[in-house]
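1. please work out how this folds:
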Amino acid sequence: MLFSGGAGFFVQYHDVVKSVYLTAIFKLIINPTLVDLPTHSLRHLSTISLLEWYLQRRYFNPLQSLDFQRKYRENELSDLLLYILQKDSSLYRLSPPLLIQRLLAPYTKQYMTFPLYIYTREEEPYVKTDCELTFPGLPIHYLYGDLKSALLQCQQNFTYMIADIELYKELVYHLDGTCSHLLLASDYRYNYLPKSKSFKYNLNRLMSDHPFVRLETNTVTDPQELVLALQRLANSFKMVQ
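-> Residues are numbered from 1 along each chain as shown. Next up, the predicted model:
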């Protein structure tokens, strides 16, 4: 593959492969004793409204968006979310795949080596197995932790699919001069300035400052499909809508 970003995929797991955070919120709505946060504010939302809340939340970590009173520090909420994920493998299994599964489906049926690197900020024990089930036949490499160290395990000229604009910006600097292709999810409100349709960072300016990386946006969710999946998920959790 000679085109820009054609050597393989580097994908942020959360909110690109699956919205496991949303499934975790479902669990917290059912069992609010797990956290000291006002999950009752979401209890009576329809699945459509809950999905809208998730897509429109201000912070990548949804627990921050629930912490209206700012009772916790950001790192405490990050640790709490990680704890919830590490204790329940069903959150991954029950979460519906996002559009990337459809995008990569042709590669799962071909006899070819197309490396797929999956990344999370912190190590999560169920991510690799979940990706092997989501993308059968593709060689899965699970990376986590320090971004610069993780990138050293990839070839240059990858396509990077990222949900969080903060991670996206980091990648732009690390990948300067590599002819990589970076795609930012446009679905999530946490990537935008408050009360604005503009991203937190000017992508045109970033690309002008780093001309040897290709910067674009893409859509990673199908809201109609997600609503149907969430309704099934609600039924599996025996939630009253």
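2. hey, where'd the strands end up in the chain?
-> Assigned by DSSP state E, the chain shows strands spanning 9-12, 116-120, 140-144, 159-162, 180-185, 213-218.
3. which one of those strands lies closest to Leu226?
-> strand 180-185 (13.4 Å; CB to CB). C-beta coordinates here come from the backbone N, C-alpha and C atoms, glycine included.
4. against which helices or strands is that closest one packed?
-> strand 159-162, helix 165-174, strand 213-218 (3 or more CB pairs under 8 Å, 6 or more residues apart in numbering; DSSP states H and E).
5. mind giving me JSON lines with those and columns for distance to Gln86?
-> Listed next are those as JSON lines, based on distance: least, CB to CB, whole Å:
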{"stretch": "strand 159-162", "distance to Gln86": "23"}
{"stretch": "helix 165-174", "distance to Gln86": "21"}
{"stretch": "strand 213-218", "distance to Gln86": "30"}
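6. just put the ones you listed in JSON lines and tack on mean pLDDT, distance to Asp36 and mean neighbour count.
-> Listed next are the helices and strands packed on strand 180-185 as JSON lines, based on pLDDT from 0 to 100; distance: least, CB to CB, whole Å; neighbours: other CB atoms under 10 Å:
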{"stretch": "strand 159-162", "mean pLDDT": "96", "distance to Asp36": "31", "mean neighbour count": "24"}
{"stretch": "helix 165-174", "mean pLDDT": "96", "distance to Asp36": "26", "mean neighbour count": "18"}
{"stretch": "strand 213-218", "mean pLDDT": "95", "distance to Asp36": "36", "mean neighbour count": "17"}
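7. the ones you listed: which one's closest to Leu42?
-> helix 165-174 (24.4 Å).
8. list of residues touching that closest one?
-> 12, 60, 121, 147-148, 151, 160, 162, 180, 182, 184, 190-191, 199-201, 206, 210, 213, 215 (CB atoms under 8 Å, 6 or more residues apart in numbering).
9. also stretch 100-109?
-> 9, 11, 16-17, 114, 116, 134-138, 161, 220.
10. CA atoms only: put it into CSV for me.
-> Extracted in CSV, the C-alpha atoms of stretch 100-109 (Å, rounded to 0.1, in the frame of the first residue of the first chain):
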residue,chain,number,x,y,z
ILE,A,100,-15.1,0.8,12.2
GLN,A,101,-16.2,-2.8,12.3
ARG,A,102,-18.0,-2.3,9.0
LEU,A,103,-15.0,-0.4,7.6
LEU,A,104,-12.6,-3.2,8.3
ALA,A,105,-14.9,-6.1,7.5
PRO,A,106,-13.4,-6.6,4.0
TYR,A,107,-10.0,-7.1,5.5
THR,A,108,-11.2,-9.8,7.9
LYS,A,109,-12.2,-11.9,4.9
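11. buried sites along that stretch?
-> 100, 104 (16 or more other CB atoms under 10 Å).
12. give the rounded mean pLDDT of it.
-> Stretch 100-109 shows a mean pLDDT of 86.
13. please parse this protein into its domains.
-> Domain ranges of the chain: 9-18+97-223, 20-94, per automatic domain parsing.
14. so how far is the first residue of the first one from its last?
-> From the first residue to the last, domain 9-18+97-223 extends over 24 Å; the measure is CA to CA, to the nearest Å.
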